[in-house]
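Asks: Structure of the sequence below:
(one chain, ligands or ions: 2)
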Amino acid sequence: MKIALLGYGKMGKTIEKIATERGHTIVLKVDKDDSNYDLSQADVAIDFSIPTAAVTNISNCFEAGVPVVSGTTGWLDHYKEMISLCKEKKGAFIYASNYSLGVNLFFELNKRLAKMMNPVEGYSIAMEEIHHTQKLDAPSGTAITLAEGIIDNTNKTGWQLDQGDQNTIPIVAKRIEQVPGTHTVTYSSEVDDIEITHTAHNRHGFALGAVVAAEWLKDKTGVFGMKDVLGL
Ligand SMILES: NC(=O)C1=CN([C@@H]2O[C@H](COP(=O)(O)OP(=O)(O)OC[C@H]3O[C@@H](n4cnc5c(N)ncnc54)[C@H](OP(=O)(O)O)[C@@H]3O)[C@@H](O)[C@H]2O)C=CC1
Ligand SMILES: O=C(O)C1=N[C@H](C(=O)O)C[C@H](O)C1
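Replies: Ligands and ions are numbered 1, 2, ... in the order given. Got it, this is the predicted structure:
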């Protein structure tokens, strides 16, 4: 498979290594604010860039008829726009806030726990995410997906950064040098805490999941998520 890498930072470089090991070829690397790149050699594009570049990168792929896997976070205000464009251009698109198998299992566990906790009285919900200090967005995309999983299964109506109230889930975002990504959901009562945590040890799981998603998407048309790729 011939892959275009839109974004060649920490993730782009890890994806290059894994894709090459799996027998794929990188035909394009884009690493700056230059949207005049040529996607014509690519079977599929993988976008791990920056929040302000993702919409242009994804749109360029639809215009060029190239399936696109996006992992960039912090641009989701434009998600519906991208879905409409994908449908209009009969494109192929996957967005996931987190491509690792472990986190996608954790997403399912989180929803199940929320459903169990919903009728139980006396517990408050809180979330924490920890990432490296270069991260541009907060809270993380993964934390937002986790919050949405809780909102869909409880009477919570939203989330708030660093604060919460009876109706919303507080998400604390911490930035600590070198941390690849740690997410915790805690239910606290006066007598105990119930806590689930996913800790990424490195970026390998994210990158492998993105390459597997690209292999899966290559010959498809439509809008998909990691649940489709992993059959969860
Ligand atoms: N969904 C998932 O599983 C995961 C998602 N992510 C997300 O992926 C994104 C990238 O993460 P990461 O690799 O760690 O970040 P990096 O900052 O290491 O890499 C981003 C790269 O994109 C480059 N860039 C800037 N402008 C453009 C542009 N217009 N087009 C293409 N590339 C551009 C940057 O260049 P320069 O430095 O010169 O600006 C930089 O090299 C983030 O949004 C992060 O949250 C990260 C890990 C997992
Ligand atoms: O920026 C990162 O590094 C990560 N970003 C994603 C997110 O915002 O959830 C996924 C992972 O946690 C690493």
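
Asks: Looking at the chain, which residue is nearest ligand 1?
Replies: Taking Cβ to the nearest ligand atom, ligand 1 has its nearest neighbour within the chain at residue 9, 1.9 Å off. (Each C-beta comes from the backbone N, C-alpha and C, glycine too.)

Asks: Dihedrals phi and psi, that residue?
Replies: Residue 9 has phi and psi values of phi -100, psi -140 when expressed as degrees, to the nearest 10.

Asks: hang on, it packs against residue 30?
Replies: No - in this structure residue 9 lies outside contact range of residue 30 using Cβ atoms under 8 Å: 11.0 Å.

Asks: So between those two, which is more surrounded?
Replies: Using other Cβ atoms under 10 Å, the more surrounded residue of residue 9 and residue 30 is residue 30, with 22 against 13.

Asks: Break the chain down into its structural domains.
Replies: Structural domains annotated on the chain: 2-99+204-230, 101-201, as defined by the TED database.

Asks: Report the distance from the first one to the chain centre.
Replies: Which is domain 2-99+204-230. Remark: domain 2-99+204-230 is offset 12 Å from the chain centroid, using Cα atoms, centre = their mean, to the nearest Å.

Asks: Farthest from the middle of the chain: give me that residue.
Replies: The centre of the chain is farthest from one residue, residue 191, which by Cα atoms, centre = their mean lies 34.4 Å away.

Asks: Tell me the spacing between that one and residue 156.
Replies: Between residue 191 and residue 156 the computed distance is 22 Å (Cβ to Cβ, to the nearest Å).

Asks: okay if I get the domains of the chain as a markdown table plus mean pLDDT?
Replies: Below are the domains of the chain laid out as a markdown table (pLDDT from 0 to 100):
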| stretch | mean pLDDT |
| --- | --- |
| domain 2-99+204-230 | 97 |
| domain 101-201 | 97 |
